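Peer 1: Got a sequence here, can you model it:
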Amino acid sequence: MKWLVSLLLLVACEASAQSTFPCMDDHTEKRIRDIMSAAVDNALKEYVEHLFSNWARDTAEQPKRASTGVRVAVNAYVRARRDLDNWHPPRCPDQNR
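Peer 2: Predicted structure coming up:
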């Protein structure tokens, strides 16, 4: 479930960075970006662990179900990383990029 929260956070970032987020300095942006990056990495890891756990318990239609889950997760991960790389919150008036 943590992976879903992380992905929703990144979708929010993509949707409207300029109007949704407060202005911030470079240090704050870097800290937030690092936290989001770690969360997305961790979410993918936890999701793959979850898929493997399900596979170990229920072999029906495996490995097809696990492969589909991994493909969906990797696609979401790649999109989230791309969105995070393109996230540029507004600068406070006295801050330069």
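Peer 1: State the distance from the residue nearest to E29 when sequence neighbours are not counted to K30.
Peer 2: Once flanking residues are discounted, E29 sits nearest to P89: 5.9 Å by C-beta to C-beta, 6 or more residues apart in numbering. From N, CA and C alone the C-beta is placed, and that goes for glycine too. The gap separating P89 from K30 is 11 Å, by C-beta to C-beta, to the nearest Å.
Peer 1: on that earlier part again, what about the residue nearest to E29, neighbour count?
Peer 2: 17 (other C-beta atoms under 10 Å).
Peer 1: Could you do R65 as well?
Peer 2: 15.
Peer 1: Surely it touches R57?
Peer 2: No - R65 lies out of contact with R57 (C-beta atoms under 8 Å); the separation is 11.7 Å.
Peer 1: list residues touching both of those two?
Peer 2: Here R65 and R57 have no joint contacts, going by C-beta atoms under 8 Å, 6 or more residues apart in numbering.
Peer 1: Please, which helix or strand holds the most centrally placed residue in the chain?
Peer 2: The centre of the chain sits closest to V40, judged by C-alpha atoms, centre = their mean, with a distance of 3.6 Å. V40 is part of helix 26-57 when elements are defined by DSSP states H and E.
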